[in-house]
Each structure stands twice: as structure tokens, then as C-alpha cells.
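> sequence? don't have it. structure:
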């Protein structure tokens, strides 16, 4: 079919708009990466370059050698891994029975979950609850309060409802229990939505800092984003403690150190996303067919 002039103009406008939008989105990241590899003279010039004029790794050497960054990386990896495992386990255990139409009080429970999406107790009651449970300054304060998301549960439940009931019924006829049906049939058929849930939960834990700020009073469980905030925004963490200022100005600037910190914190999650994105659209679409 031949396209009309109106369609060509519309397509051209879309391409131009998306190109400009993409460049606008890419510019801040490219600027930060360029600044992190720049020499002090290039960084202080306050000009934008597509590539560093005189590339140097001094800023990264200083940032990666900071002991708080290493410990924050370890804490964030532990938090993300444990958080994903707990969240997926609890979400699947809740979503599966709610996906079965024979489950008693199914609609009432779903209404309560939807209600929790609209209203919450607030920060202070949550802090008091975490404190009274003795979870302050522990890993559990970072992974348990938000372990189950009502939205994620609804998406997973809708995906489970799309699995043919004949498969589940045949397993029950063979004597399989509900837990065995979930573990051996439902979950293996739900890899797309599980991958999407893992991506959402992992990104949320990786980017979270506020709960670590209020639930931890020391650096034992300081996470990457909290380290980044204290370094870049609050300036309460020094990347060059006890060093001569003249030497610092010759090798790196505070701006290049902050830029290197941002890149070091951001790149791991950016590298992980391409390996999971093929499940993203499929999992969302299949998980949103039924209400």
C-alpha cells in the first residue's frame, strides 16, 4: 500500500519528535560520563564535549578505592538479591490462590489489596512498627516493609489466570497438591512475568535510599544511593579525606569525582536491563489482559 502525504508527514513528525526526545534524555547521562573521564582543566572549563578531550581514570581510581563505596556496593547487592527473593516468593504465594475462582472470599481480599494501593499508614507508623519489631539497623528493615506490592500481585494474579485450567486440573487428578501445582506447573509457565517482577523489584531496591536513611543509624547497612546522596547532595562524605588540596586540583576536581560516583552507581543496573527487557513487554501485556 502506498502511503499518503499525510501519513508521511505524521511519520516524519514522530521520528523528529522521538529523536529530539531521545537526545534530550541522553544528554545528561553523556555529560556526566564525559565529565567523569575529564581532566581538571577540562572539567573546570564547564563546556560540553561529546567525548573527553584528555581521558583520565584518576577520578574512578579515587572513587572505587573509597571503603564506603565498596561496602555500599556489597550492601546494595545483598539487599537487592534478598529483596527480590522475598518479594517474588511472597507475591507468588498470595497471587496464586487469588487467581483460583474457587478460593473463598477472593473478591473481598482483592478489594482490600486495592484499598492498600490508595491509602497507607504513613512514614511515622511504619517507622514505629519497624522499631517495635526490633528491625532497626538490620537488613530486614530494608526488605520486609515493602516486600509485597499490591500492583505487582495483581499483575501476577492476572498472569496466573491466563494459564489454562485444564493443565492445573490434570495435575490435581494425578494427585498433585496446590503447592506442587504452583512449583512444578504454574511458576515454570510464568517466567515472563517473574522476570518482569524481578526487574521492577530489583530496580526499586537498587534506587531506594530513604528507608535506609530512616531505618539505619550507622553505616553498617548504608546502600549505594544513600552513599551517593551523602556524597553529591549533602556533601557529608568526603572522597578525598586528608589529602592536599593542591594535589587534588591537579589530578581531579570535586565535580569529576561526583560524576564518577554517579556513573559507578548507575551503570550496573543499566547493563542488567538489556538482558531482561525481552520479557518486559510480554509480561506486562499478558499480565494485564484480565481485571
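Arrived safely, thanks for sending. Keep in mind it's a predicted model, so treat the numbers as computed, not measured.
> Next, count neighbours for residue 221.
21 (other CB atoms under 10 Å). Bear in mind the C-beta positions are built from the backbone N, C-alpha and C, glycine included.
> so it touches residue 72, yeah?
No. Residue 221 lies out of contact with residue 72 (CB atoms under 8 Å); the separation is 9.3 Å.
> number of nearby residues for residue 258?
By other CB under 10 Å, the residues close to residue 258 number 21.
> Might one say that it is in contact with residue 227?
No. Using CB under 8 Å, residue 258 makes no contact with residue 227, being 11.8 Å away.
> Where does residue 101 fall, secondary structure wise?
Counting by DSSP states H and E, there is no helix or strand that carries residue 101.
> Would you map out the domains in the protein?
5-65+239-287, 67-215 (automatic domain parsing).
> low pLDDT regions in the stretch 51-200 of the chain?
By pLDDT under 70, the stretch 51-200 of the chain contains no weakly predicted segment.
> That one: helices as residue ranges?
With DSSP state H, counting those that start in this stretch, the ranges of helices along the stretch 51-200 of the chain come out as 58-64, 67-99, 106-118, 123-132, 140-143, 150-161, 165-173, 178-181, 191-207.
> next helix or strand past the last one?
Reading on from helix 191-207 to the C-terminus, the next helix or strand found by DSSP H and E is helix 210-215.
> name the helices or strands packed onto the very next helix or strand once past that next one?
As assigned by DSSP H and E, the chain's next helix or strand after helix 210-215 is helix 224-228. Judged by 3 or more CB pairs under 8 Å, 6 or more residues apart in numbering; DSSP states H and E, the packing partners of helix 224-228 are helix 67-99, helix 191-207, helix 210-215, helix 254-286.
> quick one, which of those is nearest to residue 40?
helix 254-286 (7.1 Å; CB to CB).
> Leaving out the residues flanking it, which one is nearest to the spatially most central residue of the chain?
Here the mean C-alpha position of the chain is nearest to the C-alpha of residue 203 (CA atoms, centre = their mean), at a distance of 0.8 Å. In space, and not counting its chain neighbours, residue 203 is closest to residue 269: 6.2 Å by CB to CB, 6 or more residues apart in numbering.
> so what's the one you found up against?
Residues near residue 269 by CB atoms under 8 Å, 6 or more residues apart in numbering: 202, 203, 206, 207.
> cool, and residue 222?
Per CB under 8 Å, 6+ apart, neighbours of residue 222: 68, 71, 72, 75, 212, 216.
> So which of those residues wins on neighbours?
residue 72 (25 neighbours).
> what separates that residue from residue 28, distance-wise?
23 Å (CB to CB, to the nearest Å).
> for the contacts of residue 269, which one is nearest residue 168?
residue 202 (29.0 Å).
> Which among the helices and strands packed on helix 224-228 is found nearest to residue 7?
Of all the helices and strands packed on helix 224-228, the one in closest proximity to residue 7, counting by CB to CB, is helix 254-286 (24.8 Å).
> quick one: average pLDDT of the closest one?
Mean pLDDT, helix 254-286: 74.
> Also stretch 22-30?
Per-residue scores along stretch 22-30 average to 85.
> now swap in stretch 212-228 and tell me
Throughout stretch 212-228, pLDDT has a mean value of 85.
> Name the residues of it that come out as buried.
By neighbour count with 16 or more other CB atoms under 10 Å, stretch 212-228 contains the buried residues 212, 215, 216, 221, 222, 223, 224, 225, 226, 227, 228.
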